[in-house]
Every structure is written in structure tokens, then in C-alpha cells.
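Student: sequence first, then the predicted structure:
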Amino acid sequence: MGKKTIVPIGPYHPLLEEPEFFKLYCDGETVVDMEWETGYNHRGIEKICESKTFEQVFYVVERICGICSTSHPFAYANAVESIGGVQIPVRAKLIRSIVGELERIHSHLLWVGLAGHFLGYNTVFMWAWKYREPVLDMFEIITGNRNSYAMFTIGGVRRDIDEAKASQLLQVLDDVKRKTDLLTGAVMDDPVIHARLKGVGTLTAKDIHDFGAVGPTARASGVDIDVRRDDPYAAYDMVDWKVITTTEGDVFAKAKIRLLETYESISIIRQCLELLKKEKPGEIKTKVKDIPAGIGIGHAEAPRGEVFHYVKSDGSNSPVRHKIRAPSYNCITTFRRSCIGGTISDAAIATAAVDPCYCCTERMVQAIDYKTGKRIMNATDIIKLSQKKTEELKAKM
Amino acid sequence: MNIEQYITNLREKFPEIINIEVINTKRLMVYVSRDQLPLITEYWFNELQYRYIIVSAMDSKDGYEIIYHYSDDKSGWIMSLSVLLAHDKPEIESMTPIVYGIEWIEREIMDILGVKFLNHPKPERFLLAESWPEDEYPYRRKYRQGDR
């Protein structure tokens, strides 16, 4: 082996502007080893939760991540309600699922946009983000906020969805479906995208099992898991939907899964809205007095995979221990298998494929000469390198 | 899945299990000693192909409580392995050689709770800064904010 070069990525990730530091050890253009440094963004949320009441924790966990700001309260609610054996009204279950699925739509569109930007397709980026806007506006109408929705509470939800909002939501869904058709067609039929994504960052089912990866990352490698189906919560067992899986395991498969899941989410919301008509308006919460001593383990399927919350109560009004595991925590470790053996220009999209969320996990890219320690490339240069590769491919075709 | 049958089988296979508790719907907690841990981990992760979720650790009155969470996705059950370590000997064998993905969380626990994972392939700092004092662990009960 010749001289090895270290390509440092971070502490700002080229795709998502969140702090994390990767060291790619490169031999020529090939990545041969990888290392991480994390901890740049650790806010001690688990510790903070232990000083709040069960009700207040919702507002803290909601702020773990700006994109999954419903998934964390979802898993936390499942955990706490399992301690007290709380049964929530059907209307609350439906509203929870609607908000959860809306979040999945906006998160998947966000990823498609970012992946496009990464490959040098800024049109895809602008389209996807434009089409995502009405979803966020809908959030504002339903919950009062485009982000950090504060919809969840122990025993139900805090706001109802009335007829007027429901019909508005149906219109937005029709619109989003039309736009997703357009986007899916553009992405799936593009020969350059095929050339850039197929066979890149491939993960096998064994890799997924070794690291405990979840969500679209696992489903793209043929691992058929989805918390919504395997351990149903909220209204997911009341509606008809399917888990999307493929076996290729490459970045293209992950993109496909995300786009197709968007359609499933649209269908789930429509069915939930239909069921909502049968429930009495206003019945959105059961009164919960105390949370007894005990252990509550809750999980929920976030757009990126399973969110896991472990809550231990001693009978007082706040948790004694609250452990949070975001999906990226397990998915990021798979970079070791997906990037090694690939080229530097593919490392950027391979790391982006799991839709890493460092806020959740808590937690960069540049190139440094192994021997001298001199920086030769930074994150922007690496994105440019990735975009240049697409340009070259385009020119050849 | 018939949980009674499952518990009986598990007890037969590993007679040294301290206690098995169904904590609530689809959640099972198995209390084991530190010597039993690698055996059951091997059985669950490699033989039964349970999915590794995460490890949670806590400083309780009786000692350090380390809980390994696994999921049986076919049935939707979450299976947890709980090990209690004495305050004066916070040491446990690393599970990283069996479960590859457990590396990060073990390093994290080493940082914040000061539990030592023996034979860990990379026992380096994970979350805390290099300049953080060696013997201060922020998740320990006696640690107070502002101590530093």
C-alpha cells in the first residue's frame, strides 16, 4: 500500500450543517479506514429530563431534533403511558398518527432535496424543498407551529383536528402526491443519478444486524422491520398500509424507499382522516393522575428509523432515568462498512444516505495529509468534488 | 409468542438467571449476573437474531445498573438484560466482540458513568472533551452541576 492520506470530514458535515468529525484514511482515491469524533453537540438532555416533571419532558424531548420533533414525544409517550397502563382515546390515536406521518413526508422530501444538492442537482433540491413548504404550513394550521409542534401530552393530544382543517389537509395531500409523482419520475429515470447512486455505499443484511441499524437504511438492505407494524402503537393497526423493502442496499435503494414511503404516509393520513369522522370531536385526552413506579420502554418509527426511549419512574413526578436512542446513533456506525472501499467522492453521498441527524445523536468533513497533518481539502471542496463527478458523468453520457 | 413458554425455556437453558420479569405489554426484563451476560447476549444476538437496540446505564442506590436492550422484531417484544454492578467494582466485560454496534455506547458509558468495559477494542474518550478531569463522571448520583 502506498502513502495514506487522511481526509477529515467535519466538524461540520458537508450535507447537514451539524457538527461531527470523520477521518477518512485514503489510499489514492479509495477510502481504506475511517474514524469518528463526536460530542460537539451534546446537551445533556437525558440529565435535564431527570430534573423535569413527566409533562415537562415532552417539551424537552421535542427539542432533541428539529426534523423528528414528533417522533421523540411519540416514543416518550409510548414509554410513559405503558408504565401507567394509560389507554388513550381513539381520536387521539388518529391525530397522533396523522402528525407522525406528516412529519415523515416533510422529512423524506427534505432528504431527497439534500441528496440532490449533494450530487450537484440543485434543481431537485429547490423543487423538493418547495414542495415541502405546504406540508410545513399545514403543520402550522394543525398544531400552531411549523416545527416543535407540542401536540403530545400524557393520555392524548393537546389540539383537535376539526372538519375545516381536515379538508384543507386533504387538499395539501393531493398537491403533495402530484408533486411527489413528478419528483419520483425525475429521480428514478435519470441515467446520471443511476450511475451515481447504484452500487454505492452498499450495506448487506448482515451489516445491518451487526450495527443494529434501523429505518430506511435497514429496509433498503432487505431487513423487513418497521416498528409501526411489528409493535403497533397509535392508529397504525387500524389502517391499511405496507412496509416498503428492497434488497439492493445501495444509496439508490434508500432513495427509492424514502420516495415510496411518502406515498404510504399520504395513504395512512387519508385513512386516518376518514376514521376521524366517526369519532366524537373533542375527545382527545384521558385524564392521567399519577405515573406509578416502574419501567417504561417505548419506541416509535421516526422518518430515519426507530426512536427508543427508556423511562424509569420511582413514583414521584419526574423520571429517575431517561435513556434516549435516536435512529442515527446506530445508523452512523454503518459508515464503516458503506464508505470503506469506495472513493472519496462517493463517501459524501454514502454518509448522507442514512439521513444522519447529529442533533439527535448529538454530534464533520475535511482532507488532511496523513504524514504532515496539513489540511488539503475542506467540506465545501468535497461537495464540489462530488458535484464534479456528476458533471463528468453527464458529459460522458 | 407464548411468553410463559419462552420464560420456562430461557430458565432451562440458563439456570443461573437471577430473575425474569414481564414489565408490561411486550416488554421483558431479564436480570443476570455479569458472568452470564456474554452467554445470553451470544444466544439472543447470534442464535435468535434479535436486533440490538441500545444500552442504558444508571447509577442507582444498589449499584450501577447496566441494561442491554434487544428487540425480537418478529413478535414485537423488547427483551432487556439487566446487570447490577457494585459501586466499588464498576467493571464488566465488553460486549463489542459479539455485538459490533455496541462500541459507541460502551465508550459513552465509560465517559459519563465511569463503568469500565474490559477488553473493549477502543477504550477512548467519546463524548467528553480530552481536557475533562479523569475521575469526574457527570451521570453519577453524587455529581452536581457546577462542580467543575
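Tutor: Happy to help now that I have it.

Student: I figured residue A:119 hits residue A:384, correct?
Tutor: No: Residue A:119 is beyond contact range of residue A:384, at 12.0 Å (criterion: C-beta atoms under 8 Å). Using the backbone N, CA and C atoms, a C-beta is placed for each residue, glycine as well.

Student: those two - which one has more neighbours?
Tutor: residue A:119 (25 against 15; other C-beta atoms under 10 Å in any protein chain shown).

Student: pLDDT-wise, which helix or strand of chain A ranks last?
Tutor: The least trusted helix or strand in chain A, going by mean pLDDT, DSSP states H and E, turns out to be strand A:365-368, with a mean of 48.

Student: what about residue A:181, helix or strand, and which?
Tutor: Following DSSP states H and E, one finds residue A:181 within helix A:163-189.

Student: for that helix, list every residue counted as buried.
Tutor: A:166, A:169, A:172, A:173, A:176, A:177, A:179, A:180, A:183, A:184, A:186, A:187 (16 or more other C-beta atoms under 10 Å in any protein chain shown).

Student: tell me what that helix is packed against?
Tutor: helix A:90-119, helix A:122-143, helix A:251-276 (3 or more C-beta pairs under 8 Å, 6 or more residues apart in numbering or on different chains; DSSP states H and E).

Student: closest to chain B out of those?
Tutor: Chain B lies closest to helix A:90-119 among the helices and strands packed on helix A:163-189, at 15.3 Å (C-beta to the nearest C-beta).

Student: in terms of secondary structure, what does the closest one contact?
Tutor: So helix A:90-119, by 3+ C-beta pairs under 8 Å, 6+ apart, packs with helix A:71-84, helix A:122-143, strand A:156-157, helix A:163-189, helix A:191-197, helix A:251-276, helix A:344-352, helix A:379-396.

Student: let's see it at 6 Å
Tutor: In terms of contacts (3 or more C-beta pairs under 6 Å, 6 or more residues apart in numbering or on different chains; DSSP states H and E), helix A:90-119 is packed against helix A:122-143, strand A:156-157, helix A:251-276.

Student: point out the most buried one among those.
Tutor: strand A:156-157 (a mean of 25; mean count of other C-beta atoms under 10 Å in any protein chain shown).

Student: distance from the chain centre to that one, please.
Tutor: Strand A:156-157 sits 23 Å away from the centroid of its parent chain (C-alpha atoms, centre = their mean, to the nearest Å).

Student: same thing with stretch A:162-173?
Tutor: 25 Å.

Student: any low-confidence regions in the stretch 251-397 of chain A?
Tutor: Applying pLDDT under 70 to the stretch 251-397 of chain A picks out residues A:356-380.

Student: again, 80 this time
Tutor: Within the stretch 251-397 of chain A, the stretches with pLDDT under 80 are A:348, A:351-387, A:389-390, A:393-394, A:396-397.

Student: who in it is up against chain B?
Tutor: Within the stretch 251-397 of chain A, the positions lying close to chain B (C-beta under 6 Å from any C-beta of the partner chain) are A:295, A:297, A:308, A:310, A:321, A:323, A:325, A:330, A:333.

Student: I'd say the first one and residue A:312 touch.
Tutor: This points to residue A:295. Yes: the criterion here is C-beta atoms under 6 Å, and residue A:295 meets it with residue A:312 at 5.4 Å.

Student: mutual contacts of these two, please.
Tutor: Counting by C-beta atoms under 6 Å, 6 or more residues apart in numbering or on different chains, no residue touches both residue A:295 and residue A:312.

Student: where do the helices sit along chain B?
Tutor: B:3-13, B:37-42, B:103-113 (DSSP state H).

Student: residues in contact with the second one?
Tutor: In other words, helix B:37-42. Counting by C-beta under 6 Å, 6+ apart, B:81, B:83, B:95, B:98 sit against helix B:37-42.

Student: beta partners of the second one?
Tutor: What that stands for is residue B:83. residue B:32, residue B:66 (DSSP bridges).

Student: pLDDT below threshold where in chain B?
Tutor: Using pLDDT under 80, chain B drops low at B:1, B:144-148.

Student: nearest residue to the residue positioned nearest the centre of chain A in space, ignoring adjacent ones along the chain?
Tutor: Closest residue to the average C-alpha location of chain A: residue A:304 at 2.8 Å, with C-alpha atoms, centre = their mean. In space, and not counting its chain neighbours, residue A:304 is closest to residue A:327: 4.2 Å by C-beta to C-beta, 6 or more residues apart in numbering or on different chains.
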